[in-house]
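Show me the folded form of this:
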Amino acid sequence: MKIERKKNAIRNTKWGVLQKVINLILPFLVRTVLIYALSAEYSGLSSLFTSILQVLSLTELGFSNAIVYSMYKPIAEDDTDAICALLNLYRKAYNIIGTVILVLGLALVPFLPHLINGDVPDGINLYLLYFIYLFNTVISYYLFAYKTCLLTAYQREDKLSKNSLIYNLFCYITQCVVLIVFRNYYVFAIILPVSTIILNILNNNSVKKLFPNIIPKGNVSEEKKKTLKKDIIGLLIWKIGGMTRNTFDSVVVSFYLGLTVVTIYNNYFFIISGVNTILGVICSSISAGVGNKIAVESSETNYSDFQRFHFCYMWIAGLCCICLMCLFQPFMKFWMGEELMFDNTTMFMFCYYFIMMKQGDINSVYYQAAGLWWHGKYRSIIEAFINLSLNILLGKFFGVKGIILATIISFSCIYFYGSRIVFVNYFKNKKDILFFGENILFLVLTFGTGFLTYLCGDYIVDKLVLSNSVLIMAVKLVACFIIPNIVFFSCYSLNKRYRGYIKGVFSLILRKV
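Numbers count the residues shown, from 1 in each chain. Here you go, the predicted model:
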């Protein structure tokens, strides 16, 4: 089956952005209603359980990506038997993984009270709620979650986005109604596994309609299993680094500072995650196309695409970072009030953390598409060790600032080593020093422009004597779109290659218009 890479990427991006925007707005609404209808402790409890179960899900992190990667070649060759065999292996593995997560989750039950600094909300059975969240995590592994790899490998993630829209609308709207009408956290939690079951059924129906001739049957050769095993171990180790960055923080904050601070921390991280998720649509939309192109095109051709993707992506990520710098605090004050806010220093640390993470995203797309997980195993082990150690040490002495600083330090320590893997093993004739130089330029230019925009926004607000939070955010938002784009365009136009990228993007936009 021929994959229409450009058409699918555009379609995936369109539906993906819509789904992610809805997935940002509705959880934001639910989080707001939860905090105001019950208390901040309930939101912190939800974040803690989610973080714990994400850690347990490490048992799966290597398998889905490895299976999708393994499908690129048989899809390009239209080898249906090989695809069916891989799908069958995936189904068996998911049943085992679900059981492992269930057992590990139950083993953690005696330790739950020790992960919380202070008391849980009155009238709450900590263990019953945890069992509901654990069931929600496990149920997909026993249903049809394994089939979604086909939609990803064939670059039809638009179907996943459409189904997720239905899931989000049902789940989050129902949760809001329950909180407002009943103010019952147990019913709020039970809606999660019910919605997960509905989503699995929808995804299963989509796969059946698109690929009726692909069913889980047949066996993968022993040689292929050995290759998959190596890829899975490498992927698992690689993913651990990202997991320690994004998940253990909430657990450490809860352990040292309590559920209320977990809520404040996750309010900021929630906004960053929302923006990151929308940007992630770009990466996920092109990932299958990149994997397919790596299978059929030369590394020279793919390097040209890599440079163009990275430049355009970092321009967009830079704008998002600057918007966060200028709008974070006004929005938090409007949303939660000053009592649930961090200071400006902590806010800027969140923004720096965000833009640092974005520098490696396109690199990561090619890293995964080329199946280089095994080559990066030491990078992830080192990052995980540094991050966890510094989280515990700096979190104890410096609180939230120390935890964010721990993540920044650990990522900085291994960033250059990790980024070299794609160049050493795939873009072998290219100089990675140029890539690092460009990333430093992006970082300096983004943060420098961000501070300029931040000062200009405050100056304009002071001159206009604005006190209304919505007007303040509106003025700063306009500044965030005008000033950075002028600075970026002026600076990047000085480079001939960047100038060519800019011209290409504008030409594409004009053609679409």
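
shaky segments in the stretch 201-350 of the chain?
Scanning the stretch 201-350 of the chain for pLDDT under 70 picks out 230-248, 250, 259, 288.

Just want the phi and psi numbers for Met336.
phi -110, psi -20 (degrees, to the nearest 10).

mind listing what the closest residue to it other than its chain neighbours touches?
Among residues not flanking Met336 along the chain, Asn267 sits closest, at 6.1 Å (CB to CB, 6 or more residues apart in numbering). For every residue, glycine as well, the C-beta is placed using N, CA and C. Shown here is Asn267, whose contacts under the criterion CB atoms under 8 Å, 6 or more residues apart in numbering are 31, 332, 335-336, 340.

before we move on, what about Ile322?
Neighbours of Ile322 in contact, by CB under 8 Å, 6+ apart: 446, 449-450, 453, 480, 484.

how about a cut-off of 10 Å?
351, 355, 446-447, 449-454, 457, 479-481, 483-485, 487-488 (CB atoms under 10 Å, 6 or more residues apart in numbering).

hmm, which of those residues are the buried ones?
Buried residues within these, defined by neighbour count using 16 or more other CB atoms under 10 Å: 351, 355, 446-447, 449-450, 453-454, 457, 479-480, 483-484, 487-488.

circling back: the residue nearest to Met336: what secondary structure?
For Asn267, the assignment made with DSSP: H, G, I helix; E, B strand; the rest coil gives helix.

Please determine how far it is located from Val261.
10 Å (CB to CB, to the nearest Å).

again, but for Val422
From Val422 over to Val261 the distance is 38 Å, taken as CB to CB.

Between the two, which has more neighbouring residues?
Neighbours were counted for Val422 and for Val261 using other CB atoms under 10 Å; Val422 has more, 28 against 20.

thought that one was touching Tyr367?
Yes. With contact defined as CB atoms under 10 Å, Val422 reaches Tyr367; the gap is 5.2 Å.

what mean pLDDT does the lengthiest helix in the chain have?
The helix spanning the most residues in the chain, taking DSSP state H as the definition, is helix 377-425. Mean per-residue pLDDT for helix 377-425: 80.

gap between that helix and the chain center?
Centroid separation between helix 377-425 and its chain, computed with CA atoms, centre = their mean, to the nearest Å, is 17 Å.

what does stretch 440-457 give?
24 Å.

and it, what's its mean pLDDT?
91.

Which stretches in the stretch 251-400 of the chain count as helices?
259-296, 299-335, 344-358, 361-369, 377-425 (DSSP state H, counting those that start in this stretch).

would TSV of those with distance to Leu466 be doable?
Formatted as TSV, these follow (distance: least, CB to CB, whole Å):
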stretch	distance to Leu466
helix 259-296	22
helix 299-335	10
helix 344-358	19
helix 361-369	35
helix 377-425	29
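
mind listing what the spatially most central residue of the chain touches?
Closest residue to the average C-alpha location of the chain: Thr277 at 5.1 Å, with CA atoms, centre = their mean. By CB under 10 Å, 6+ apart, the contact set of Thr277 is 16, 19-21, 23-24, 284.

Any chance of these in TSV with distance to Tyr133, secondary structure and neighbour count as columns?
Below are the contacts of Thr277 laid out as TSV (distance: CB to CB, whole Å; DSSP: H, G, I helix; E, B strand; the rest coil; neighbours: other CB atoms under 10 Å):
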residue	distance to Tyr133	secondary structure	neighbour count
Gly16	26	helix	25
Gln19	23	helix	24
Lys20	23	helix	22
Val21	26	helix	14
Asn23	19	helix	20
Leu24	21	helix	18
Ser284	25	helix	20
